[in-house]
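Visitor: only the shape, not the letters, is given here:
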């Protein structure tokens, strides 16, 4: 059995812990196609927040309290950069994390594509799932904001972290998406999958940038495998983060039904065969999509495995049955 | 009064502490022309060991015990790089130090020359002397070694740190020197100096790479100011480091007389008007050079100021008098 998961950062990483545990039980192979829209260049270093969240979490090196970055992290480099007055200062660049970015940046500058670099970094972390960036090309999520009367595109991370998603924006753009190609292995994985899962990640700024890579949305829509999504919204509020603000930007209600409708039913030109919502949201309907309600709080790996099992069952009960 | 000092790393930095203190007493301006032959690219970062030793030491941020690097340094990034198997592992890249290299590398990649970057970094450290790299161009000291029967050039830092100067070499080469130009300000400083001092740095791999920049040796030899050198060898042994091994490579005796002769007398086509040796080496002679013996152990700033005062007096007693 081959499972492909479209995933963002922290929520995607936690979901993948459950997918990996389930896959070990049943002897399945897992490929994670991870968002790169949050990637940015900081002090000359290529930082891939989502790939690293997934890698660190699956590799046992993530900080479970903070949710992002490395456990036991220190901040000497960041403090020193600030002492030099080096901008930006709003990004949490930890010392341990810096080493990852140094290795990555050195390899990228030597000509290796991000997918090869990710594979090389993973030899240390042994995440137990195949990690693929959505694309090896530059694809950056920007928020279009108005600052001092002038409209400009601001990197999503600056909008999200520095301004706490508080600057009015009316849209997100995926810079470079037009010219991006799916990373090697992504289309093959989707084409030969037995199940495609959309992790409970931010649909607007984690999953949408993955789907913005030309050919990638079509590959999900066209895969012979069933596609099941997991709602990142429970009872009208995002499980984590400020997804409500992102949903508002694209005019989507912050609800399990809203996000399900955003992805859309496959027979209707959308992506989903099945949509998993929390029991709080039982009764949710999405046109042409089989909806099932189960507990969606990823409190521990067992709870997450139960979600994955429910997604697999939902897949089996629908179109793929 | 304008004083120009040719300096390497640790010895040069300690000497400059004395020059700065002397200059403050008499109201002089100090320009340090610093070796860049030790500079190297590590994990994508441009590291300038000598410029940093001088900057940290004069800025009060150097580790006084270790002699190099930052006081209160931590080694998280280095340990993490090793965990990734990233080479090389033999260089002591501390966390605080990494921030300096990140700022420098980012500015260099943005197109600023090393001299401008050095000035920018110095706005934090306020070294109290003007720091100039000998050149903005790439000039790297390599040792020519034989490894497994094949001759090859090895970066000086690898030869020095990794192999503890223990690999047989028959010469040093200054890669890039032919095409290098003195950094902006260097020739002007030498041309308008009232005194030029050669710090008690390694003559073969700290001072020689400075002089290897085309036009720089000529500017020292041709300056209207007196030129006084301070011996880095006391009683036949280098004050610090493994200068004896470097001197052996160029066939020079490890003695105050040997190094003085290597620089040579100015009227004889060399550089020196005066040569300061330690009292242990009283009686040393160098052809066409006025030699004076005073205590040369830089045990503290007062002792070093006394050395500088002796150098100034020696300058006044000779050709410039």
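Guide: Nice, thanks for sending it over. The model shown is predicted, which means the values in this text are computed figures rather than measured ones. Residues are numbered from 1 along each chain as shown, chains lettered A, B, ... in the order given.
Visitor: for burial, what's the neighbour tally of residue A:63?
Guide: Here the count is done by other Cβ atoms under 10 Å in any protein chain shown, and residue A:63 has 16 residues near it. C-betas here are computed from N, CA, C, even on glycine.
Visitor: residues contacting it?
Guide: Contact analysis of residue A:63 by Cβ atoms under 8 Å, 6 or more residues apart in numbering or on different chains lists A:69-73.
Visitor: contact residues of chain A facing chain B?
Guide: A:43-45, A:74, A:76-77, A:80-81, A:83-86, A:95-96, A:98-100, A:102-103, A:105-106, A:109, A:121, A:123-124 (Cβ under 8 Å from any Cβ of the partner chain).
Visitor: any of those residues buried? List them.
Guide: A:43-45, A:76-77, A:80-81, A:84, A:86, A:95-96, A:98-100, A:102-103, A:105-106, A:121, A:124 (16 or more other Cβ atoms under 10 Å in any protein chain shown).
Visitor: residue A:261 reaches residue A:254, doesn't it?
Guide: No: Residue A:261 is beyond contact range of residue A:254, at 11.9 Å (criterion: Cβ atoms under 8 Å).
Visitor: hang on, the earlier thing: right, and the pair among the contacts of residue A:63 with maximum separation?
Guide: A:69 and A:72 (10.0 Å; Cβ to Cβ).
Visitor: give the intersection of the neighbour lists for the two.
Guide: A:63, A:96.
Visitor: which one's more surrounded, those two?
Guide: Per other Cβ under 10 Å, whichever of residue A:69 and residue A:72 has more neighbours is residue A:69, with 19 against 10.
Visitor: now do the contacts for the more buried one.
Guide: Residue A:69 touches A:56, A:62-63, A:92, A:94, A:96-97, counting by Cβ under 8 Å, 6+ apart.
Visitor: between those, which is closest to chain B?
Guide: Ranked by distance to chain B (Cβ to the nearest Cβ), these are led by residue A:96 at 5.1 Å.
Visitor: which residues touch that closest one?
Guide: A:61, A:69-70, A:72-74, B:76-77, B:80.
Visitor: so which of those sit within helices?
Guide: Assignment to helices by DSSP state H places the following of the contacts of residue A:96 there: B:76-77, B:80.
Visitor: could you dump the residues you listed to TSV with pLDDT and distance to residue A:159?
Guide: Output for the ones in helices among the contacts of residue A:96, formatted as TSV (pLDDT from 0 to 100; distance: Cβ to Cβ, whole Å):
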residue	pLDDT	distance to residue A:159
B:76	97	30
B:77	98	29
B:80	97	29
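Visitor: so which of those reach chain A?
Guide: Within the ones in helices among the contacts of residue A:96, those near chain A by Cβ under 8 Å from any Cβ are B:76-77, B:80.
Visitor: how close does residue A:294 sit to residue A:312?
Guide: Distance of residue A:294 to residue A:312, given as Cβ to Cβ, to the nearest Å: 12 Å.
Visitor: and for residue A:179?
Guide: Residue A:179 is 36 Å from residue A:312, by Cβ to Cβ.
Visitor: next: residue A:163.
Guide: On the measure of Cβ to Cβ, residue A:163 and residue A:312 end up 39 Å apart.
Visitor: residue A:261 and residue A:254 - which one has more neighbours?
Guide: residue A:261 (21 against 17).
Visitor: quick one: contacts for that one?
Guide: A:252, A:286-287.
Visitor: quick one, helices of the stretch 151-300 of chain A?
Guide: A:156-157, A:186-191, A:208-211, A:216-222, A:243-249, A:256-263 (DSSP state H, counting those that start in this stretch).
Visitor: hang on, the earlier thing: among residue A:179 and residue A:312, which residue is more densely surrounded?
Guide: Neighbour tally, residue A:179 and residue A:312, criterion other Cβ under 10 Å: the higher count belongs to residue A:312, 22 against 11.
Visitor: that one looks like it's in a strand, true?
Guide: No: the assignment for residue A:312, made by DSSP: H, G, I helix; E, B strand; the rest coil, is helix rather than a strand.
Visitor: pretty sure it contacts residue A:225?
Guide: No: with contact defined as Cβ under 8 Å, residue A:312 and residue A:225 do not form a contacting pair (11.3 Å).
Visitor: shared neighbours, those two?
Guide: With Cβ under 8 Å, 6+ apart, residue A:312 and residue A:225 have common neighbours residue A:195.
Visitor: thinking again about what came up before, list just the nearest of the contacts of residue A:96 to residue A:35.
Guide: Once Cβ to Cβ is applied, the member of the contacts of residue A:96 that ends up nearest residue A:35 is residue A:69, at 17.0 Å.
Visitor: distance of the closest one relative to chain B?
Guide: 13 Å (Cβ to the nearest Cβ, to the nearest Å).
Visitor: go on, residue A:26?
Guide: Distance from residue A:26 to chain B, by Cβ to the nearest Cβ: 32 Å.
Visitor: that residue: how many residues sit nearby?
Guide: 11.
Visitor: OK, contacts around the closest residue to it other than its chain neighbours?
Guide: Leaving aside its sequence neighbours, residue A:26 sits nearest to residue A:1 (Cβ to Cβ, 6 or more residues apart in numbering or on different chains; 6.2 Å). By Cβ under 8 Å, 6+ apart, residue A:1 lies in contact with A:23, A:26-29, A:194-195.
Visitor: most neighbours among those, which one is it?
Guide: Counting by other Cβ under 10 Å, top hit in these: residue A:195 with 26 neighbours.
Visitor: please name the bridge partners of that one.
Guide: residue A:3 (DSSP bridges).
Visitor: alright, that wraps it up for me.
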